[in-house]
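> No letters, just coordinates:
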């Protein structure tokens, strides 16, 4: 589904992605973690080309992103993206946030789009908020609407860029539950997160990055029990007991 | 002692009243055409100025600098006295078959005001967080569609107060059209004064109409902003 082959990216002189080789199969859930500045957000943002790559080959759902001819709008319609800051459209109600892209891009009728949106809102537990505006919702609710909005395009891949990092602790659970439910339904997912509980329970694979390089790639059990790389050991230690 | 005797009847009934009313109608028409035209054109120029395509940006910049930095009266004179000398005969014939004075004034007001509106809208667009564009693009919208559905609707909401100012300026600036013989309100007030020597009454009447027009524009935009653009904040 997603295949990185020798991908490099620079921000001016900063080498943010250094020889990335990664293969995510259909239905797989991959968690990307690492210290801040390690390039994990950049990595996930290259998959729908919010960040273009400078070198190497990147194939997503059969489309070659390093090739100029690829229709990026078409690609992005197939890839759902969930942001750390939710980025709902503040001028639209919840239901309009969800139906905008399906009606304008997929050209489905407003009525059908609304029916589908209600099914999705049901699924994320927010059917009662259909007419609310984003500013009237809590962070956790906004993020669940953002997930519903992404799902409304019936994407083949879902990307999550630190989806719970901007949330109050008591709201993290509700968002993770929605994501877990989505993973169970067989969605191909790539998730940048520090929620190690989620990684342990839901991920098929954990990718650990630092300084733009993938240092470790392992099954969650393996990664948490027996991290190979020193940097990974240090990272996990700090994450699990931040006081030391 | 005041030697002047007021005669308000000349502006409330009769022939002169009708002149003022016909002037008011033309002022309203000119303002309406100008406001709609300047808004649409301003929107277009603002988007051009932010385009990733350089030549479009250059054209927009030249347009802005040119029309913002020359007097409106000169621009009105240019369109009225200057433009037809360089336009093809077909266009001139067509212009002469219509109301050329009105057209020249409307074009000048529209273009002049659109330059100011474009800058207001552009600063509105710049105030929308970059992430909104990212969200729109990652949903699969093209740059222009993202602008249309996500960025501009938000930018225009922010831009309403400065837009009202531009609309008010346009409505009041329409009085300059009298200089090329458009028979709008100021022109008619002058006429009434010339025929009756009742300058106080004539220009008071015109002042009241401009005032009502301006206050109406403000009130309308205020309500539009509250009820249509931001219903959830009301």
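Everything's here; your move. Being a predicted model, the structure only gives us computed values, none of them experimental.

> How about the residues of chain A by chain B?
A:48, A:50, A:73-74, A:76-79, A:81, A:83, A:85, A:87-91, A:93, A:100-101, A:104-105, A:133, A:135-136, A:149-150, A:153 (CB under 8 Å from any CB of the partner chain). Where you see a C-beta, it was placed from the backbone N, CA and C, and this is true even at glycine.

> among those, which are in helices?
Residues of the residues of chain A next to chain B located in helices (DSSP state H): A:73, A:74, A:76, A:77, A:78, A:100, A:101, A:104, A:149, A:150.

> Show the pLDDT at the third one.
Residue A:76 is assigned a predicted lDDT (pLDDT) of 95.

> For it, list the residues it contacts.
With contacts taken as CB atoms under 8 Å, 6 or more residues apart in numbering or on different chains, residue A:76 has the following neighbours: A:48, A:49, B:137, B:138, B:139, B:140.

> Tell me, how many residues neighbour the third one?
Number of residues near residue B:137 (other CB atoms under 10 Å in any protein chain shown) recorded here: 21.

> next one: the fifth one
The local packing of residue B:139 (other CB under 10 Å) involves 29 other residues.

> How about the second one?
Here the neighbour count serves as a burial measure; for residue A:49 (other CB under 10 Å) it reads 20.

> re the thing from before, any idea which of the contacts of residue A:76 is the one closest to residue A:207?
Within these, the smallest distance to residue A:207 is 17.6 Å, found for residue A:48 (CB to CB).

> ok, back up a step: any quick PyMOL command for the buried ones out of the residues of chain A next to chain B?
Buried residues within the residues of chain A next to chain B, by 16 or more other CB atoms under 10 Å in any protein chain shown, are selected in PyMOL with:
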select buried, chain A and resi 48+50+73+76+77+78+79+81+83+85+87+88+89+90+91+93+100+101+104+105+133+149+150+153
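
> What is the neighbour count of the residue of chain B found nearest chain A?
Using CB to the nearest CB, residue B:140 is the residue of chain B that sits closest to chain A, at 3.2 Å. As a burial measure, residue B:140 scores 24 neighbours (other CB under 10 Å).

> With residue A:241 instead?
Applying other CB under 10 Å, we find 8 other residues in the vicinity of residue A:241.

> try residue B:182
For residue B:182, the number of neighbouring residues by other CB under 10 Å comes to 28.

> Show the backbone phi and psi for the residue of chain B closest to chain A.
Taking degrees, to the nearest 10, you get phi 110, psi 10 for the backbone angles of residue B:140.

> Next SSE downstream of the top helix by length along chain B?
With DSSP H setting the assignment, residue counts place helix B:14-49 as the longest helix in chain B. Note on helix B:14-49: by DSSP states H and E, the next helix or strand toward the C-terminus is helix B:54-68.

> which residues does the residue positioned nearest the centre of chain A contact?
Most central residue of chain A, judged by C-alpha distance to the mean C-alpha position with CA atoms, centre = their mean, is residue A:160 at 1.5 Å. For residue A:160, the contacting residues are A:44, A:82, A:179, A:189, A:190, A:191, A:192, A:193, by CB under 8 Å, 6+ apart.

> Surely the last one and residue A:29 touch.
No - counting by CB atoms under 8 Å, residue A:193 stays clear of residue A:29, with 11.1 Å between them.

> how close does the residue in chain A that chain B sits nearest to get to residue A:3?
Scanning chain A for the residue nearest chain B gives residue A:77, at 3.2 Å (criterion: CB to the nearest CB). Using CB to CB, to the nearest Å, residue A:77 is found at 20 Å from residue A:3.

> Please give me every residue in contact with residue 66.
All of this refers to chain A. Neighbours of residue A:66 in contact, by CB under 8 Å, 6+ apart: A:53, A:56, A:57, A:58.

> To clarify, I was referring to chain B.
For residue B:66, the contact set (CB under 8 Å, 6+ apart) comprises residue B:115.

> So in chain A, which helix runs the longest?
In chain A, ranked by residue count with DSSP H as the criterion, the top helix is helix A:169-184.

> Quick check: buried residues in that helix?
Using 16+ other CB under 10 Å as the test for burial, helix A:169-184 gives A:171, A:172, A:174, A:175, A:176, A:178, A:179, A:182, A:183.

> Kindly report the same for stretch B:38-52.
Within stretch B:38-52, the residues that qualify as buried are B:38, B:39, B:41, B:42, B:43, B:45, B:46, B:47, B:48, B:49, B:50, counting by 16+ other CB under 10 Å.

> next one: stretch B:73-89
Buried residues in stretch B:73-89, defined by neighbour count with 16+ other CB under 10 Å: B:75, B:76, B:77, B:79, B:80, B:83.

> Just those: which are in strands?
Among these, none falls in strands (DSSP state E).

> Now name the helix or strand holding residue B:105.
Under the assignment given by DSSP H and E, the secondary-structure element containing residue B:105 is helix B:100-126.

> correct me, but residue B:172 touches residue B:214?
Yes - taking contacts as CB under 8 Å, residue B:172 lies within contact range of residue B:214: 7.0 Å.

> Name whatever forms a beta bridge with the closest residue to residue A:48 other than its chain neighbours.
Sequence neighbours aside, residue A:79 is the residue nearest to residue A:48 in space, at 4.5 Å (criterion: CB to CB, 6 or more residues apart in numbering or on different chains). Using DSSP bridges, the bridge partners assigned to residue A:79 are residue A:157.
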